[in-house]
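In: predicted model and sequence below, questions to follow.
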2 protein chains.
Amino acid sequence: MAKKPSAAYRMGIDLGGTKVLAAVVDNNGAILGMAKKKTKAELGPDAVIKRIVDTALGAAAAAKTSMKSLAGVGVGAPAPVDYETGMVYSAPNLPGWDEIPLGARLQAEFGVPVLVDNDVNLGTLGEWRQGAGRGCQHMVGIFVGTGVGGGIVIDGKLYRGTRYAAGEVGHMIMQPNGPLCSCGRPGCLEAFASRTAIERAVRAGLAEGRPSIVPDLLAAEKDRLTSGVIKQALLSEDPLMSEAVGQAQFYLGLLVANLVNALDPQMIVFGGGVVEALGDTFLQPIRETARAYYLQQRGAERIGIVPATLGDNAGVLGGAALVESFLARKT
Amino acid sequence: MAKKPSAAYRMGIDLGGTKVLAAVVDNNGAILGMAKKKTKAELGPDAVIKRIVDTALGAAAAAKTSMKSLAGVGVGAPAPVDYETGMVYSAPNLPGWDEIPLGARLQAEFGVPVLVDNDVNLGTLGEWRQGAGRGCQHMVGIFVGTGVGGGIVIDGKLYRGTRYAAGEVGHMIMQPNGPLCSCGRPGCLEAFASRTAIERAVRAGLAEGRPSIVPDLLAAEKDRLTSGVIKQALLSEDPLMSEAVGQAQFYLGLLVANLVNALDPQMIVFGGGVVEALGDTFLQPIRETARAYYLQQRGAERIGIVPATLGDNAGVLGGAALVESFLARKT
């Protein structure tokens, strides 16, 4: 008996610290319906799971389908996740989430297979399946925002490692006596290259009394140093901001070189808020630094360092792609 | 028709800068016969290839078999290798080797399939197949000698990357303003952690007039700072040598942490002359440093950091394992 057409639809859900995004996706990767809600993480796991369910129902309604008719749901969580069991471990942006069986809870609600993975893994998978990394055999995704996250695709499959902990490129040590990272260790890439690191460097410069346009820009943004502020300051050729961003680019270039020397991927895809705001011009110095540090120069021109193309949709499309790869293994 | 039993035999050849080693291996991984010759690299590619052939014939004779009856030959070369074509690119320890079609040349001599790969890749494969990494799904091999080389096994397969350039962990940048590496770049792991780096640090200390037992040990070794000298100096608790080795261990610990944060392997296998000479005591400080820098501490005890067990035979056994995986793909 032929399956109902809607059985081929998948849902991707991207659980973030501030918002939940859900999308119904057909088997060509087209988004048929979406919904979005605030996470309200401060309300704790039960309330957040309720909001995830509501967002999912909203997306299903927008796509004129029902949860039960979906082939499956792929969920990204901003936390370490045991992919096998769907268990979510302590997440810095989700207070109270420690060993929450998100996969089982959602599967009980939805009545279809639910797969849970780390959100950056799913963003990487989305970019590999439908975005900048399409068709690559080996790819690394690097997402630069408040922190720096990463994901790895090897042989056309998300690579998770032994403890499902692979891809944490933001916590590779770039300089053992470097600045303290949010993880408590000195010299992580993230401590040099995240928006937080850029902000720290800029505010330190301001505190030293260095001249800068940044205070004017901050005044218009309630003192929030957003990616938009970074962009405007760079456009104005603000020396303090240029220096801070230049440091981030230098260390991201070294990170790329380290990943190329270790993994020799075909493509490095850069996404996240900072990259989205600054675009390809942000990547050019990264490309130059990286290439200077490749051990093997032969074929270096074949390694692409490119911006992500799916923006906020990478996570939900990655969630749908996760269901797709799950179904492929089952058949 | 059943195959002749000897059809299951494979040969592994390890081409080094100073010696060539060949072994006939049965399908249980047992070595049936071996041969060894000096490489005489200074004589150039043609003469070296002739010596490889002679070594192979010697190993076949020792195993009472012939080259033609072998299932295939796996060769490791101390150079970048195009695994697909068997082409060997410029090798620092093999003067005159630039784009030498070693696979094709040996296949014409032997009349059986010849596979060529990087020597460190094959050492890693050997340790995975029959040594310390046996049974691992994901493993990294790190070989500490004159330089620092590496190899990666993912999902039970040697991982080579897009340009067959993966695994160059010795050239991951550990400190961008660090000492100059033999590759010409500053701050590579190898510039902190190889025997060469240890020797440089010790000789710098001696030049500064620091008290040390090392000059006495060097006198007995024609001024060669061998792994044996390192071992004796450490046993005598020589402060200068302890400091230099401690620096190598610290950076190797950071390297392991970086590889764990990126790849989350199940096992890191340490081989090479320095590790063979110093044994497991060399690894203990590496384990401690590494673990302190794992982002994900959950399950950290499941990650093994262990010494290689195959010694000089890792390469030839890896060569035989390469033939095995080639045959498995063909069937």
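Out: Okay, I see it.

In: which outside residues touch stretch A:151-162?
Out: A:83, A:117-118, A:120-125, A:128, A:133, A:136-141, A:166-167, A:263, A:265, A:322, A:325, B:137-138, B:154-155, B:159, B:262-266, B:299, B:302-303 (CB atoms under 8 Å, 6 or more residues apart in numbering or on different chains). For glycine as for every other residue, the C-beta is placed from the backbone atoms N, C-alpha and C.

In: change it to 7 Å
Out: Contacts to stretch A:151-162, defined as CB atoms under 7 Å, 6 or more residues apart in numbering or on different chains, come from residues A:83, A:120-121, A:123-125, A:128, A:133, A:136-141, A:166-167, B:137-138, B:154, B:159, B:263-266, B:302.

In: can you list the weak-confidence ranges in the stretch 101-250 of chain A?
Out: For the stretch 101-250 of chain A, no stretch has pLDDT under 70.

In: quick one: the strands in it, in order.
Out: A:114-118, A:139-144, A:148-154, A:157-158 (DSSP state E, counting those that start in this stretch).

In: could you dump those strands into JSON lines and include mean neighbour count?
Out: Shown next, in JSON lines, are these (neighbours: other CB atoms under 10 Å in any protein chain shown):
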{"stretch": "strand A:114-118", "mean neighbour count": "26"}
{"stretch": "strand A:139-144", "mean neighbour count": "30"}
{"stretch": "strand A:148-154", "mean neighbour count": "27"}
{"stretch": "strand A:157-158", "mean neighbour count": "20"}
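
In: quick one: the helices in the stretch 101-250 of chain A, in order.
Out: A:102-110, A:119-130, A:190-193, A:195-207, A:214-219, A:227-235, A:239-263 (DSSP state H, counting those that start in this stretch).

In: chain B is nearest to which of those helices?
Out: Nearest to chain B, of all the helices of the stretch 101-250 of chain A, is helix A:239-263, at 4.4 Å by CB to the nearest CB.

In: ok and the closest one relative to helix A:195-207, angle-wise?
Out: Here the directions of helix A:239-263 and helix A:195-207 differ by 150 degrees (axes from the mean of the first three to the mean of the last three CA atoms, to 10 degrees).

In: isn't residue A:90 up against residue A:98?
Out: Yes - taking CB atoms under 7 Å as the definition, residue A:90 is a contact partner of residue A:98 at 4.4 Å.

In: around chain B, pick out the residues from chain A.
Out: Applying CB under 7 Å from any CB of the partner chain, one finds that chain A approaches chain B through A:80, A:89, A:137-138, A:154, A:159, A:161-163, A:165-169, A:171-173, A:175-176, A:183, A:185, A:254, A:257-258, A:261-266, A:293, A:295-296, A:298-299, A:302.

In: now do the domain split for chain A, please.
Out: Following the assignment in automatic domain parsing, chain A carries domains at A:5-126+A:313-330, A:135-309.

In: first-to-last residue distance for stretch A:255-274?
Out: Start to finish, the residues bounding stretch A:255-274 are 17 Å apart (CA to CA, to the nearest Å).

In: run the chain-centre distance for that stretch.
Out: Counting by CA atoms, centre = their mean, to the nearest Å, stretch A:255-274 is centred 14 Å from the centre of its parent chain.

In: Provide a PyMOL selection command restricted to the buried entries of the contacts of stretch A:151-162.
Out: Those of these that count as buried under 16 or more other CB atoms under 10 Å in any protein chain shown are selected in PyMOL with:
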select buried, (chain A and resi 83+120+121+123+124+125+128+133+136+137+138+139+140+141+166+167) or (chain B and resi 137+138+154+159+263+264+265+266)
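
In: could you grab the helix/strand/coil label for the spatially closest residue to residue A:8 that is not a sequence neighbour?
Out: Distances taken as CB to CB, 6 or more residues apart in numbering or on different chains put residue A:27 closest to residue A:8, at 4.4 Å, once the chain neighbours are dropped. Each residue gets one of three states, and residue A:27 gets coil by DSSP: H, G, I helix; E, B strand; the rest coil.

In: now do the residue in the stretch 201-331 of chain A that chain B sits nearest to against residue A:295, distance only.
Out: As assessed by CB to the nearest CB, chain B sits closest to residue A:264 within the stretch 201-331 of chain A, at 2.5 Å. According to CB to CB, to the nearest Å, residue A:264 and residue A:295 sit 10 Å apart.

In: cool, and residue A:318?
Out: Residue A:318 is 31 Å from residue A:295, by CB to CB.

In: which of these two has more neighbours?
Out: Legend: neighbour count by other CB atoms under 10 Å in any protein chain shown for residue A:318 and residue A:295, higher for residue A:318 (31 against 20).

In: quick check: the more buried one touching residue A:10?
Out: No - Residue A:318 lies out of contact with residue A:10 (CB under 7 Å); the separation is 10.9 Å.

In: the residue of the stretch 201-331 of chain A closest to chain B contacts residue B:169, correct?
Out: No - if you go by CB under 7 Å, residue A:264 and residue B:169 don't touch, sitting 11.7 Å apart.

In: what residues are up against residue A:20?
Out: If you count contacts by CB under 7 Å, 6+ apart, then residue A:20 has A:13, A:36-37, A:39, A:51-52, A:55 around it.

In: distance-wise, check it relative to chain B.
Out: Distance, residue A:20 to chain B, using CB to the nearest CB, to the nearest Å: 24 Å.

In: checking that residue next. Helix, strand or coil?
Out: Per three-state DSSP, residue A:20 ends up strand.

In: for the stretch 101-250 of chain A, which residue gets nearest to chain B?
Out: Counting by CB to the nearest CB, the stretch 101-250 of chain A gets nearest to chain B through residue A:161 (2.5 Å).

In: about what we covered before: just send the helices of the stretch 101-250 of chain A back as JSON lines, with distance to residue B:205 too.
Out: As requested, those are exported to JSON lines (distance: least, CB to CB, whole Å):
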{"stretch": "helix A:102-110", "distance to residue B:205": "55"}
{"stretch": "helix A:119-130", "distance to residue B:205": "44"}
{"stretch": "helix A:190-193", "distance to residue B:205": "31"}
{"stretch": "helix A:195-207", "distance to residue B:205": "36"}
{"stretch": "helix A:214-219", "distance to residue B:205": "47"}
{"stretch": "helix A:227-235", "distance to residue B:205": "46"}
{"stretch": "helix A:239-263", "distance to residue B:205": "29"}
